[in-house]
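1. sequence and predicted structure, then a few things I'm wondering about:
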Amino acid sequence: MALGVGAIVGTGILTLIGVGAGLAGPAVLISFGLAGLVCACAALAYAELSTIMPASGSAYTYTYASLGEIFAWVVGWSLILEYSLVVSAVAVGWSGYAIPFLAGLGIDLPLALTVGPHVEGGLINLPAVFIIAVVTGLLLMGTKESATLNAILVLVKIAALVVFVAIALPHFDSANFKPFMPYGFGAPFVQTGVMAAAAIIFFAFYGFDAIATAAEETKKPERDLAIGIIGSMVVCTVLYIVVAAAAIGAAPVSSFSDSPEPLSLIMRGLGQGAAAQWIAAAAVIALPTVLLAFLFGQSRIFLGMARDGLLPNRLAKISTRGVPTVVTIFTAIVVAFLAGIMRLDELASLANAGTLMAFMAVGISLIVLRVRQPNRERKFKAPLWWLVGGVAIIGCIVFFFSLKASTQLYFLLWNVLGLVIYLVWSSRNSRLAKGEEEAA
């Protein structure tokens with residue numbers, strides 16, 4: 001549960017609340033609810049599937065078992081995109097807090113070392129690369145050690161949000177909620193409104209799937225995975241809506257919609273400079289929990305695909321500490337490179353596309369296995385499975401087409417590249433192709 005909350009609560013609520021409010025106005029509260037609903041249905045599907053298939057790989061593993069190899073490849077390839085870009089995006093977001101934080105301590109980094117080449121005079125976002133290196137080192141120490149630190153930092157993040165709500169609520173002004181829905185509800189292919197905001201805010205919710213990738217490291221997966229996934233979703237959904245309501249009640253949406261640090265900005269506007277510094281410090285200290293969860297999950301996706309022969313087998317080698325060292329280091333190098341040169345908005349938007357593909361596949365897998373294997377033992381059963389799966393599938397499709405057209409195009413190109421790799425190498429070297437296992 002701490003791993004899930006650690007992955008979910010992070011850059012999304014600390015930064016994207018402003019972006020979402022700018023797209024939907026005060027109705028961003030509805031956007032949080034819609035994103036939470038779709039993610040809750042996906043979470044229920046994950047909870048059921050993870051207990052009957054407690055193996056590394058998350059949505060990739062479930063799709064492999066229910067739909068077959070080529071569909072699993074598409075999902076696994078999309079998960080690689082999601083996890084890589086989330087790690088990179090959060091590292092860039094962390095850097096945005098860390099740079100002014102260091103400046104306040106008298107440590108001024110040159111522009112060339114704080115932003116990528118997309119900004120004139122920029123070369124590389126060195127703080128973003130640095131934090132990825134630190135988190136990778138923690139993961140290489142082993143799961144138990146990294147999980148303990150994660151739990152401590154999760155408490156720091158939650159405490160910061162509780163402090164924000166406690167200070168903001170006494171300044172609540174209902175006038176800030178009028179007009180409530182200035183840009184309308186929106187629809188697919190429309191770039192403003194509640195749906196457009198929900199498609200972006202989706203980034204703030206989907207960390208719970210990192211729990212499913214830890215299936216092999218849990219003591220009682222049939223119990224612990226369901227509790228962790230559903231529990232973390234409930235905690236975070238309630239927390240997000242409360243924080244968003246407190247933020248809008250304390251300040252007009254227009255005053256913080258463009259800020260990279262909206263919660264700290266609101267605190268300063270209320271004359272609470274000390275609280276603003278505390279929230280910023282908590283972000284710098286605790287945002288690495290998101291990196292920890294997703295970098296952990298990314299290596300496990302690679303591990304699952306390598307075991308099935310879809311990626312080179314050497315990637316599945318486990319160290320004496322129970323860590324897939326080679327793939328963890330390889331992943332860290334790739335995501336550090338992306339974090340060093342790309343913008344936050346580009347990373348976050350494209351990460352959403354990969355996640356939506358994975359969640360849709362999980363919804364389909366839930367329905368397929370319920371129909372195909374109705375009598376299979378399920379230690380956790382999703383209620384109203386047909387509705388849960390349907391909402392996850394339809395919600396993900398609608399959210400995908402609410403993303404920017406350029407994001408949809410880049411996602412398509414990524415999967416075209418993936419299919420080429422599959423047809424040229426993976427389909428010829430997989431365990432299925434070698435006759436080592438039966439097709440789904």
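-> Done, it's in. Residues are numbered from 1 along each chain as shown.

2. how close does Leu423 sit to Ala91?
-> Applying CB to CB, to the nearest Å, the value for Leu423 to Ala91 is 33 Å. Glycine gets a C-beta too; all of them are placed from N, C-alpha and C.

3. tell me which of the two has more neighbours.
-> More crowded of Leu423 and Ala91, by other CB atoms under 10 Å: Ala91, with 33 against 12.

4. name the element the more buried one belongs to?
-> Assigned by DSSP states H and E, Ala91 belongs to helix 69-104.

5. what comes up buried for that helix?
-> Within helix 69-104, the residues that count as buried by 16 or more other CB atoms under 10 Å are 69-99, 101.

6. next, the angle helix 69-104 makes with whichever helix or strand comes after that helix.
-> As assigned by DSSP H and E, the chain's next helix or strand after helix 69-104 is helix 126-140. Computed by axes from the mean of the first three to the mean of the last three CA atoms, to 10 degrees, the angle separating helix 126-140 from helix 69-104 equals 120 degrees.

7. so which elements touch the helix holding Ala91?
-> helix 11, helix 59-66, helix 126-140, helix 273-286, helix 288-307, helix 325-341, helix 344-372, helix 405-421 (3 or more CB pairs under 8 Å, 6 or more residues apart in numbering; DSSP states H and E).

8. may I see the ones you listed arranged in JSON lines, with distance to Ala198 and mean neighbour count as well?
-> Shown next, in JSON lines, are the helices and strands packed on helix 69-104 (distance: least, CB to CB, whole Å; neighbours: other CB atoms under 10 Å):
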{"stretch": "helix 11", "distance to Ala198": "17", "mean neighbour count": "25"}
{"stretch": "helix 59-66", "distance to Ala198": "21", "mean neighbour count": "27"}
{"stretch": "helix 126-140", "distance to Ala198": "27", "mean neighbour count": "20"}
{"stretch": "helix 273-286", "distance to Ala198": "23", "mean neighbour count": "19"}
{"stretch": "helix 288-307", "distance to Ala198": "20", "mean neighbour count": "27"}
{"stretch": "helix 325-341", "distance to Ala198": "25", "mean neighbour count": "21"}
{"stretch": "helix 344-372", "distance to Ala198": "11", "mean neighbour count": "23"}
{"stretch": "helix 405-421", "distance to Ala198": "15", "mean neighbour count": "14"}
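
9. nearest to Phe164, of the ones you listed?
-> helix 273-286 (6.0 Å; CB to CB).

10. show me what the closest one is packed against.
-> helix 69-104, helix 143-168, helix 262-269.

11. contact partners of it?
-> 10, 14, 94, 97-98, 100-101, 104, 153-154, 156-157, 159-160, 163-164, 167, 261, 263-265, 267-268 (CB atoms under 8 Å, 6 or more residues apart in numbering).

12. how much distance is there from that helix to the middle of the chain?
-> 22 Å (CA atoms, centre = their mean, to the nearest Å).

13. which SSE is immediately downstream of the helix or strand of the chain with the lowest mean pLDDT?
-> Lowest on mean pLDDT, DSSP states H and E among the helices and strands of the chain sits helix 209-212, with a mean of 60. Heading C-terminal from helix 209-212, the first helix or strand you meet, by DSSP H and E, is helix 221-250.

14. buried ones in that next one?
-> 221, 224-233, 235-237, 239-250.

15. what angle sits between that helix and helix 262-269?
-> Going by the same axes, to 10 degrees, helix 221-250 makes 40 degrees with helix 262-269.

16. so for helix 221-250, mean pLDDT?
-> For helix 221-250, the mean per-residue pLDDT is 81.

17. again, but for stretch 391-411
-> In this model, stretch 391-411 has an average pLDDT of 90.

18. now do the same end-to-end measure for that stretch.
-> With CA to CA, to the nearest Å as the measure, stretch 391-411 spans 22 Å from end to end.
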